[in-house]
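In: generate coordinates for the sequence data below:
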Amino acid sequence: MNDTEGSTLPRRTLTAGLTVHPIGVGCWAIGGPDTNLGLPMGWSTADDTAALRGLENAYSLGANLFDTADVYGHGHSERLIGHLVATVPRDSIVLSSKTGYFAGTAAHAYLPSHMRRQLETTLENLRTDHLDIYFLHNSKFGPEDRYLDGANEQMRAFQREGLIRAVGMRGPHRFATDRLTVPKDQREDKHARFRYLFDQVKPEYLAVRHNALTPPPPAGQDIFAFAADHGASVLINKPLAQGLLTGKYVPGTAPHFGPGDHRLRKRWFTAEALATIHQGLAPLRERFGSGTGDLVRVALQYCLQHADNAAVLVGFTTPEQAAQNLTSVGTPLTAEDLAFVRATAQRLQQRLDAAGEVFLDEKDAPQ
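Out: Down below sits the predicted model:
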């Protein structure tokens, strides 16, 4: 293992005795371009050779938590990780995957028999005989939650059989197509829905979107404190707001994304929005440094220092990004730094709101 600042971060022991480097590897992007539910859902900028090198880089720098899902490239992400798994001791890594967004020919993605087939395929893709964490990827369990009890029992059966060590579920969120099909005034309270499902599933892990742009939680609804109170741990995703907090995009120029890239339907990647974001990040550059690595450090430390019962999942498409994610962190932010970051993000939110963007909308917010 390389002797770098990133690799010397103390590991965290989370629920079910899983000990992880606090910077985990999010593997959605390496699944490549894809569509699901009639929408682009992948990343057109991925490359398999770069992805494999990036996985190796991350592991060599101390990363041991790799998170994926059956729908990321419809198995492609899992198979790429499987190449790494085949070359390292299984007990040196923690593997997490998800199910629920791909039904195939089944009546529903949470039909128990379909869930078993999906898990068997996931294990085959990852070249392992068990997962450390298996997530219910969304909160749609059919009309009147028809499949909820069966899905919940199937997850616990997997656990009893030793196929998975811990059960996970999403924090408060909306289903991928709800913004397109459900009027805003008719959408259910995602926080109430989450609390109800949490009581039913009793998960050991939660997957939560969080970064400096995430608005403060409503009173009494801090998801990290809630998880800690219930003995659960959190995997934080989108800590870099899908790259928007890194300052890597050229302001005033819309990036080119190919077919099957989810960013095609996100207003945050338009030239106008990127110019606003670039300007809004200027105070962070002035205080912490103008390089991409400087902004990556700030964004990741902001999440790392938010809660001890959490690990941060960071995506990548190049081996350089994978290495940067591990080596940029290490020096904590002071209390004054944290307050400065939050105040800067709040001002950026206000600018986007003033420009007419519905910044806090679940589907468009770069969380």
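
In: now do the helix or strand where Phe198 lies: everything it contacts.
Out: According to DSSP states H and E, Phe198 maps onto helix 190-201. Outside helix 190-201, the residues that touch it by CB atoms under 8 Å, 6 or more residues apart in numbering are 136, 139, 148, 152, 155, 167, 169-174, 218, 221, 230, 362. In short, each C-beta sits where N, CA and C put it, glycine included.

In: now the helix or strand where Ala207 lies against helix 190-201, angle please.
Out: According to DSSP H and E, Ala207 maps onto strand 205-209. Using axes from the mean of the first three to the mean of the last three CA atoms, to 10 degrees, the inter-axis angle of strand 205-209 relative to helix 190-201 is 160 degrees.

In: need the three-state assignment for His114.
Out: Reduced to three states with DSSP: H, G, I helix; E, B strand; the rest coil, the structure at His114 is helix.

In: CA-only coordinates of the least confident helix or strand in the chain by mean pLDDT in CSV, if you can.
Out: Taking all helices and strands of the chain together, the one with the lowest average confidence (mean pLDDT, DSSP states H and E) is helix 178-181, at a mean of 83. Extracted C-alpha coordinates of helix 178-181, given in CSV (Å, rounded to 0.1, in the frame of the first residue of the first chain):
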residue,chain,number,x,y,z
ASP,A,178,-41.8,10.8,-9.8
ARG,A,179,-40.8,14.3,-10.8
LEU,A,180,-41.8,13.6,-14.3
THR,A,181,-45.1,11.9,-13.6
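
In: who touches the residue nearest to Asn237 when sequence neighbours are not counted in this structure?
Out: In space, not counting the residues next to it along the chain, Asn237 is nearest to Leu313; the distance is 4.9 Å by CB to CB, 6 or more residues apart in numbering. Under the criterion of CB under 8 Å, 6+ apart, the contact list for Leu313 reads Gly24, Val25, Gly26, Leu65, Asp67, Leu235, Ile236, Asn237, Pro239.

In: just the ones of those in strands?
Out: Using DSSP state E, the subset of those located in strands is Gly24, Val25, Gly26, Leu65, Asp67, Leu235, Ile236, Asn237.

In: what does the pLDDT read for the fourth one?
Out: When you say that, I think you mean Leu65. For Leu65, the model assigns a pLDDT of 98.

In: what distance do you get for it to Ser290?
Out: With distances taken as CB to CB, to the nearest Å, Leu65 is found 30 Å from Ser290.

In: more neighbours: these two, which one.
Out: Under the criterion of other CB atoms under 10 Å, the comparison of Leu65 against Ser290 puts Leu65 first, with 27 against 12.

In: quick check: bridge partners of the more buried one?
Out: Val94 (DSSP bridges).

In: begin at 716 from now on, thanks
Out: Happy to do that; since the first residue is 716 now, the last one works out to Leu780.

In: excluding chain neighbours, give the residue nearest to Thr985 in space.
Out: Nearest non-adjacent residue to Thr985, counting by CB to CB, 6+ apart: Ala969, 5.5 Å away.

In: who are the contact partners of the one you found?
Out: Phe984, Thr985, Ala986, Leu989.

In: do the same with His791
Out: Listed by CB under 8 Å, 6+ apart, the contact set of His791 reads Ile745, Gly746, Gly747, Asp749.

In: same question, Leu729
Out: With contacts defined as CB under 8 Å, 6+ apart, the neighbours of Leu729 are Val735, Tyr920, Ser948, Asn1024, Ala1025, Ala1026.

In: secondary structure and neighbour count added to these, as TSV?
Out: Formatted as TSV, the contacts of Leu729 follow (DSSP: H, G, I helix; E, B strand; the rest coil; neighbours: other CB atoms under 10 Å):
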residue	secondary structure	neighbour count
Val735	strand	21
Tyr920	strand	26
Ser948	strand	26
Asn1024	coil	18
Ala1025	strand	26
Ala1026	strand	27
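
In: closest to Glu835 out of the residues you listed?
Out: Tyr920 (21.3 Å; CB to CB).

In: got the contact list for that closest one?
Out: When contacts are counted by CB under 8 Å, 6+ apart, Tyr920 is found next to 729-730, 811, 848, 850, 881-884, 947-950.

In: can you name the residues bridging to it?
Out: When bridges are called by DSSP bridges, Tyr920 pairs up with Gly883, Ser948.

In: any idea which helix is longest in this protein?
Out: Within the chain, and with DSSP state H defining each element, the longest helix by residue count is helix 1050-1069.

In: mind listing residues that contact that one?
Out: In this structure, residues lying in contact with helix 1050-1069 by CB under 8 Å, 6+ apart are 927-928, 930, 988, 991-992, 994-996, 998-999, 1002-1003, 1013, 1017, 1020, 1048, 1074-1075.
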